[in-house]
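S.K.: Take a look and give me a structure for this.
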Amino acid sequence: MIYIDADACPVKGEAERVATRHGVKMFLVANGGLRMSQNPLVEVVIVPEGPDVADMWIAERAGPGDVVVTGDIPLAARCVEGGAQVLKHNGEPFTQANVREALAMRDLMTDLRAADPFRQGGGKGFTKADRSRFLDALERALRAAKAG
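M.R.: Just a heads-up that it's a prediction; the model follows:
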């Protein structure tokens, strides 16, 4: 199965096409604002409002053989720990080897932003190359998940 942390996910359509091609069930999980899909393989899950409710829903279900798509590092860490394959929206994988470092960097950046409230931060924009890398990475992750 594919679990999508759907809040602000720029690759929902791409993931749906790949899931359909592979005949894999996909869950779009958010606390609202999603259109229902006509695709029988896609289930839209609307969770109650609240901090991390969508993340908890995904983390409680994702495991070995599943693929999770998220930009949320704590969710990624929980899913990697549970045995799922986890991808960022740009196709970069979260793995046992890199997720702890990503958590530490996230915490450091949170502290830096708190120390300097005027700090203007902004990530780089999402590009066509990112979208292409995501599609390739999702294909590989699904093949690996099927292989066990």
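S.K.: C-alpha only now, for contacts and for neighbours.
M.R.: Fine.
S.K.: Tell me how far the most centrally placed residue in the chain lies from Gln38.
M.R.: Nearest to the mean C-alpha position of the chain, by CA atoms, centre = their mean, lies Thr70 at 1.6 Å. Distance, Thr70 to Gln38, using CA to CA, to the nearest Å: 23 Å.
S.K.: Next: Thr127.
M.R.: To Gln38, Thr127 is 27 Å away according to CA to CA.
S.K.: Let's verify Val29: helix, strand, or coil?
M.R.: Here Val29 takes the strand state, with states given by DSSP: H, G, I helix; E, B strand; the rest coil.
S.K.: Got the confidence number for it?
M.R.: According to the prediction, Val29 has pLDDT 95.
S.K.: List the beta-bridge partners for it.
M.R.: Asp5, Val45 (DSSP bridges).
S.K.: And the helices in this structure?
M.R.: Using DSSP state H, the helices assigned to the chain run over residues 12-22, 53-61, 73-81, 99-115, 128-147.
S.K.: burial measure for Gly23, as a count.
M.R.: Other residues near Gly23 come to 11 when the count uses other CA atoms under 10 Å.
S.K.: ditto for Ala59
M.R.: For Ala59, the tally of surrounding residues (other CA under 10 Å) stands at 22.
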